[in-house]
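> The amino acid sequence is not available; the structure is as follows:
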């Protein structure tokens, strides 16, 4: 077990280096950011050269990448064009997005799995058909539509919640954006759980458990659900990274200054330190989430062993 | 037993992860909502660059600088006329040597006096190459600029101070320009020329975190990327003290959300109405919707360095293309009358005295599809048989109007492949292509004035080798008239010469004027006395809160 974790952690190093290099290369390929700093005015060559020098942009791509990685290991993620260290931007953005992600994941787990269990146990009944239809609608409507509609209904018309989130973004203001962010994944979680449960209701161990005379609650939660959760856990695990990186639309609609917002700004302004810095952290989140998922398998199904 | 250890492991890892997130979530401070008495809650965009006067070249940062700073001159929000603010008098006998006297009693909000040194030190800092200020070129008229800021890439400065600046005493200094420029004093209302306190130089990092100025507001808190709270500075002795207790600027990533917040009552002032709301805005806000001309003109510029557009007779093609564009219809249908068809290369906000004159462009800017076709044929037809118009697709919804312009041209020529739009992914890439002279076909161009002067609309864009001459247009006749205008000591004579220069543009058509852009804003019923200045920025200090 311990060896397995160490091996997995070591495997992260090449993945980390490879992905950061790719991102660095892609942002670099977007072009020279300096001209855009001057707006519609053409930059004067001397100032542009000075800025390139200050930003270490006057070196080759390889040298820039090495310089950047060296600084990352020293804890310096560079400076955004606004003069703000990227680490400071991360310090502001990641807590907000992590809170938003937590809200979204909670919705997925609580509502998604509950609906999945209910529909899986009652296949073909009206409840099942209704939920299936509903999830189909949720999956097919783009997030920005549901976002704007919900914002208008609950924020402007009913005034149940603020229509945008304040800079400090406390949990209570993130309920609606979290729900919007979670909706599509929630629908998938419901469908995954439903299929998995429906398959396992006919499994031998469930029949045995029922035959032993165990209470229904215990059969469902300890035996049926636990064994059905493996695909769902895989999905939710990878979804953590996807939600954090893919919150651009939701964050934009509700004016949340999180990771998505910073990435968007970074790309618009060709600001490689911001984009590469944020994506580097997201890569780490992805890797750790995947490791956690693999470790959780063992909890759910003791037959799974790590060598 | 093995099962048990596995569970412990997994639980342990999860617990660590959860603690980590809880830690991140705990560093939460400040609250956003709630407006106290007399505070204006306004929408804002994240400034692109650090907030330094000479390093800010876009509206969002400029907004703040204009609230916390006052310069030698200030532009009247209604007439756009440059009026003395800190300057007591600016005099010159030869349009080249200026004597600037300051009013006494002005102070920065940290108590430092505003004197000749505040200006001289600031301008020397702004112009010095090492400081890489984006607006350094605004000081290029001052004598000695070439030593402090050599033009070639990689060169280093041979002086650290502008030799053209000379202190006489605390309240007087002299400026020597390297050429005659009669309208130069009128440029001094621009934010690049603001004075700076000693604190700026002694602790630069701290100043950037919370800039200190000499204007009607001071910054009480600033969270970069999210919010800035400005409060009325009680020590302000200028004539234009704030009429409200303060302004909270909130960064919005999407102007739709800002507009929604205005409707929901979470925001008082929005100075950028989203295009898709223009249809409803009058019924939503009634008289609380403002739509006023601003000093912004949109054009389609031609790469005159390209072999396609070099031949002299292509001027006829450009005139023909201009005639083929139905400006009236496009401004009405796509922009809901928030733009006005252009008939010259300046802006109506200058007023007649400032040099705006309707119709300088003449027939070339009047929609006439038959004549357009004739002219294009006379000029040898479209180079290569068709044109593309390049634009950046990331912001500003340029696609819609570019398509409409092309449509209009195609209709006039009776050929639906004559003109197509060519999107470029990002603004940075778009600007790079233009700066590196990689364009072969026309591209969208926009000009927002730095100061309300006809000179600012013509010289930077069309003078040979000027800083924003993206077309690389060069005309001896045009340059000559601009030089004459700058040498005039009488400002109305100077304006007349500039207008003559504009007539040269009408003939050569290096850029097709499309329309003047309006500023649009909306506000809640809590506010009154809201107006936009010629730069389409709300005049914050005049706003009254109920």
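Nice, I can see it. Computed from a predicted structure; not experimentally measured. Numbers count the residues shown, from 1 in each chain, chains lettered A, B, ... in the order given.

> buried set for stretch A:292-307?
Applying a neighbour-count criterion of 16 or more other C-beta atoms under 10 Å in any protein chain shown, the buried positions in stretch A:292-307 are A:292, A:293, A:294, A:295, A:296, A:297, A:298, A:299, A:300, A:306. For the C-beta atoms, the positions are set from N, CA and C on the backbone; glycine is no exception.

> Tell me if I'm right that the fifth one and residue A:232 touch.
No: taking contacts as C-beta atoms under 8 Å, residue A:296 lies outside contact range of residue A:232: 10.7 Å.

> And the helices in the stretch 351-500 of chain B?
According to DSSP state H, counting those that start in this stretch, the stretch 351-500 of chain B carries its helices in the segments B:351-354, B:369-378, B:398-413, B:427-435, B:454-462, B:476-487, B:491-508.

> And those: which comes nearest chain A?
helix B:427-435 (3.6 Å; C-beta to the nearest C-beta).

> what angle sits between that closest one and helix B:398-413?
With axes from the mean of the first three to the mean of the last three C-alpha atoms, to 10 degrees defining the directions, helix B:427-435 sits at 50 degrees from helix B:398-413.

> Show me what from the stretch 101-250 of chain B comes close to chain A.
Taking C-beta under 8 Å from any C-beta of the partner chain as the measure of proximity, the stretch 101-250 of chain B contacts chain A at B:129-130, B:132-134, B:136-137, B:149-155, B:208, B:223-227, B:250.

> how far away is the residue nearest to residue B:472 when sequence neighbours are not counted from residue B:469?
Leaving aside its sequence neighbours, residue B:472 sits nearest to residue B:305 (C-beta to C-beta, 6 or more residues apart in numbering or on different chains; 4.6 Å). Plainly put, residue B:305 is 10 Å away from residue B:469 if you go by C-beta to C-beta, to the nearest Å.

> higher neighbour count, those two?
For residue B:305 and residue B:469, the more surrounded residue by other C-beta atoms under 10 Å in any protein chain shown is residue B:469, and the numbers stand at 20 against 15.

> Quickly note the distance from the more buried one to residue B:445.
Applying C-beta to C-beta, the value for residue B:469 to residue B:445 is 11 Å.

> what does residue A:220 give?
Residue A:220 sits 67 Å away from residue B:445, taking C-beta to C-beta as the criterion.

> which element is residue B:99 on?
strand B:97-102 (DSSP states H and E).

> Name the helix or strand of the chain that has the lowest mean pLDDT.
No chain was given, so I picked chain A. The least trusted helix or strand in chain A, going by mean pLDDT, DSSP states H and E, turns out to be helix A:34-37, with a mean of 82.

> um, chain B though
The helix or strand with the lowest mean pLDDT-type score in chain B, counting by mean pLDDT, DSSP H and E, is helix B:2-26 (a mean of 43).

> Show me what the next helix or strand along the chain from it is packed up against.
The helix or strand immediately downstream of helix B:2-26 is strand B:39-44, counting by DSSP H and E. Taking 3 or more C-beta pairs under 8 Å, 6 or more residues apart in numbering or on different chains; DSSP states H and E as the contact definition, the neighbouring helices and strands of strand B:39-44 are strand B:246-251, helix B:255-264, strand B:269-270.

> can you rerun that using 6 Å?
Contacts of strand B:39-44 with other secondary structure elements, assessed using 3 or more C-beta pairs under 6 Å, 6 or more residues apart in numbering or on different chains; DSSP states H and E, are made with strand B:246-251, strand B:269-270.

> most tightly surrounded among the ones you listed?
Taking mean count of other C-beta atoms under 10 Å in any protein chain shown as the contact definition, the stretch among those with the greatest mean neighbour count is strand B:269-270, which reaches a mean of 26.

> Wait, residue A:291 touches residue A:8, no?
Yes: under the contact definition of C-beta atoms under 6 Å, residue A:291 touches residue A:8, with a separation of 5.4 Å.

> Looking at these two now, which is surrounded by more residues?
Of the pair residue A:291 and residue A:8, residue A:291 is the one with more neighbours under other C-beta under 10 Å, namely 19 against 16.

> tell me the contacts of the more buried one?
With C-beta atoms under 6 Å, 6 or more residues apart in numbering or on different chains as the criterion, the residues that contact residue A:291 are residue A:8.

> name the element it belongs to?
Secondary structure assigned from DSSP H and E places residue A:291 in helix A:272-300.

> What residues of the one helix or strand residue A:177 maps to count as buried?
Taking DSSP H and E as the definition, one finds residue A:177 inside helix A:175-200. For helix A:175-200, a neighbour-count test (16+ other C-beta under 10 Å) marks A:176-198, A:200 as buried.

> and what of stretch B:84-93?
If you call a residue buried by 16+ other C-beta under 10 Å, then stretch B:84-93 has these buried ones: B:84, B:85, B:86, B:87, B:90, B:92.

> repeat for stretch B:199-216
By neighbour count, with 16+ other C-beta under 10 Å as the criterion, the buried positions of stretch B:199-216 are B:199, B:200, B:207, B:208, B:211, B:212, B:213, B:214, B:215, B:216.

> mean confidence score for that stretch?
Taken as a whole, stretch B:199-216 has an average pLDDT of 94.

> which bits of the stretch 51-200 of chain A sit near chain B?
Counting by C-beta under 6 Å from any C-beta of the partner chain, the positions of the stretch 51-200 of chain A adjacent to chain B are A:51, A:83-84, A:94-95, A:98-99, A:155-156, A:163-164, A:166-168.

> Which pLDDT value belongs to the residue nearest to residue B:71 when sequence neighbours are not counted?
In this structure, residue B:71 finds its nearest non-sequential neighbour in residue B:194, 4.9 Å apart by C-beta to C-beta, 6+ apart. For residue B:194, the model assigns a pLDDT of 97.

> Run a quick neighbour tally on residue B:194.
Neighbours of residue B:194 under the rule other C-beta under 10 Å: 28.

> Can you point out the buried residues in stretch B:145-165?
Taking 16+ other C-beta under 10 Å as the neighbour-count basis, stretch B:145-165 is seen to contain the buried residues B:145, B:147, B:148, B:149, B:150, B:159, B:161, B:162, B:164, B:165.

> pretty sure the third one contacts residue B:155?
No: using C-beta under 6 Å, residue B:148 is not in contact with residue B:155, being 11.3 Å away.

> distance of residue A:31 from chain B?
Plainly put, residue A:31 is 4 Å away from chain B if you go by C-beta to the nearest C-beta, to the nearest Å.

> how far away is that residue from residue A:55?
With the distance defined as C-beta to C-beta, residue A:31 ends up 14 Å from residue A:55.

> Repeat that for residue B:173.
For residue B:173, the distance to residue A:55 (C-beta to C-beta) stands at 35 Å.

> now do residue B:361
42 Å.

> Which one's more surrounded, the two?
For residue B:361 against residue A:55, the residue with the higher neighbour count under other C-beta under 10 Å is residue B:361, and the figures read 22 against 18.

> residues in contact with that one?
Going by C-beta under 6 Å, 6+ apart, residue B:361 touches B:343, B:344, B:506, B:513.

> got a pLDDT number for the residue of chain A found nearest chain B?
Using C-beta to the nearest C-beta, residue A:166 is the residue of chain A that sits closest to chain B, at 2.3 Å. Reading off the confidence values, residue A:166 has pLDDT 84.

> any idea whether it is helix, strand or coil?
Assigned with DSSP: H, G, I helix; E, B strand; the rest coil, residue A:166 falls in the coil class.

> Repeat that for residue B:520.
Residue B:520 - assigned by three-state DSSP - is strand.

> low-confidence ranges in chain B?
Low-confidence segments of chain B (pLDDT under 70): B:1-36.

> Can you pull up the most central residue in it?
If you average the C-alpha coordinates of chain B and look for the closest C-alpha using C-alpha atoms, centre = their mean, you land on residue B:448, 4.5 Å from that point.

> Give me the nearest residue to it, chain neighbours excluded.
Across the structure, with C-beta to C-beta, 6+ apart as the measure, the residue nearest residue B:448 apart from its sequence neighbours is residue B:296 (4.7 Å).

> what is the one you found paired to in the beta sheet?
Taking DSSP bridges, one obtains residue B:448, residue B:517 as the residues bridged to residue B:296.
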